[in-house]
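Asker: Here is the input, now give the coordinates:
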Amino acid sequence: MSVILAARRTAVVPWGGAFSRLEIEDLAAPVVQALLTEAGISGGQVDELICANALGAGGNPARRVALAAGLPERVAGLSVDRQCAGGLDAILLARALVESGAAEVVVAGGVESYSRRPLRLRTDPEGGPAVAYEQARFTPWADRDPGMAEAAEALALRLGISRAAQDLWAVQSHAKARVCAGEIVALAGQQRDVFARGLSLAVAARAKVVCGSITAANAAVAADAAAFVLVVSDRIAAGRGLRILGGATLGGDPVEPGLAPVAAIRAVLERAGVSAQRVAVAEIMEAYAVQAMACVAGAGLDGARVNPGGGALARGHPIGASGAVLAVRLFYELQAGIGLAAIAAAGGIGTALLVER
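Answerer: All right, here's what the predicted structure looks like:
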């Protein structure tokens, strides 16, 4: 059995804000250091650091983070790119290393700087000027590779989820958001998530439309953040922390990426022999309100137990770090019983993590 012994993160700050001048290692290294201090683990005990990052341009971000955090040079660092799901997948990889006996102490999570992301250009094979692009390709087929907002709108239309219902979910997410100082490592003067506000239905109704019923109010804002957990063996944990009961990453229809977590949630619950009704706390990614609503309904979760401290609509979406933010939130929200974290990713990918305290 593997255990999440400690969990920490930075605040989530919308892009162009207080973290806009920080490189990814500047965001991540203080979190890793605080994580080890909290757990009473020395850097010399760390076997590996796994870091998700979606918008960087290579260079093995995990290696940069490990070196900046002062870990031994033997900690090579493994970078993961599964877009939004990467932060949770890093934790599942850490679990696999620990439970296989290949490691005893693994730092796992993600970091993203939307503010410092590289510019994306595609070269012209005919020698013409390079062409800028915003979204990478997530499938080989142009007709099955929708923009994320377009996919969310299509999901809303198919399931009959109105803009008013999506706006209400967003308003409730902001209303539930609260100061999470215990889990946040102070950085650049930020020790709280700065985006949450007293959003009202009237304000949401005036929000800029992105696509159909998808608006600036019911879609998460791009953001900068880092989040990591410490995954260790039973021997190191000595009865502390959250036991990892299971995890699953599954592919689904790339045209409906928002629904992909449903299969992953069902799979991880079935493998653990746990019903959806037994989940005490669920942290479900809110890239879009409609996506979160569809996942909660499709997986049969109790909405009253979902995102009790608000979700990404009230914080922001630091892509590669978002899954790890969910895990950190779950670590602090779950006082007893079974907890679940789940996230969707572009290309039709869903990841779920199941834990118990």
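Asker: how far out from the middle of the chain is stretch 210-225?
Answerer: Relative to its chain's centre, stretch 210-225 lies at 16 Å (CA atoms, centre = their mean, to the nearest Å).
Asker: State the mean pLDDT of it.
Answerer: In this model, stretch 210-225 has a mean pLDDT of 97.
Asker: buried set for it?
Answerer: Residues of stretch 210-225 classed as buried: 210-211, 213-215, 217-225 (neighbour count, 16 or more other CB atoms under 10 Å). The way it works is simple: take the backbone N, C-alpha and C, and place the C-beta from them, glycine included.
Asker: end to end, how far does that stretch reach?
Answerer: 24 Å (CA to CA, to the nearest Å).
Asker: would you turn the buried residues of stretch 210-225 into TSV with secondary structure and distance to Gly247?
Answerer: Shown next, in TSV, are the buried residues of stretch 210-225 (DSSP: H, G, I helix; E, B strand; the rest coil; distance: CB to CB, whole Å):
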residue	secondary structure	distance to Gly247
Val210	strand	32
Cys211	strand	32
Ser213	coil	32
Ile214	strand	29
Thr215	strand	33
Ala217	coil	32
Asn218	coil	29
Ala219	strand	27
Ala220	coil	23
Val221	coil	28
Ala222	strand	26
Ala223	strand	25
Asp224	strand	26
Ala225	strand	22
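Asker: Would you reformat these as a markdown table and include distance to Ile24?
Answerer: Listed next are those as a markdown table, based on distance: CB to CB, whole Å:
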| residue | distance to Ile24 |
| --- | --- |
| Val210 | 27 |
| Cys211 | 30 |
| Ser213 | 34 |
| Ile214 | 28 |
| Thr215 | 30 |
| Ala217 | 29 |
| Asn218 | 28 |
| Ala219 | 24 |
| Ala220 | 20 |
| Val221 | 19 |
| Ala222 | 15 |
| Ala223 | 13 |
| Asp224 | 9 |
| Ala225 | 10 |
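Asker: Among these, which one sits closest to Gly44?
Answerer: Checking these against Gly44 by CB to CB gives Ala225 as the nearest, at 27.4 Å.
Asker: surely that closest one meets His317?
Answerer: No: using CB atoms under 8 Å, Ala225 is not in contact with His317; the gap is 9.2 Å.
Asker: show me the contacts for Ala61.
Answerer: One correction, residue 61 is Pro, not Ala. Contacts here follow CB atoms under 8 Å, 6 or more residues apart in numbering; on that basis Pro61 touches 24-25, 51, 53, 77, 79, 111.
Asker: Let's see if you can find the most crowded of those residues.
Answerer: Val111 (36 neighbours; other CB atoms under 10 Å).
Asker: Thought Pro30 was touching that one, still the case?
Answerer: No: contact criterion CB under 8 Å: Val111 and Pro30 do not qualify, at 11.0 Å.
Asker: And the contacts of the helix or strand Val290 falls within?
Answerer: Taking DSSP states H and E as the criterion, Val290 maps to helix 289-299. Residues outside helix 289-299 that contact it (CB under 8 Å, 6+ apart): 152-153, 155-156, 159, 161, 165-167, 169-170, 173, 213-214, 218-219, 258-259, 261-262, 265-266, 269, 276, 282, 284-286, 301, 303, 306-307, 311, 313, 342, 344.
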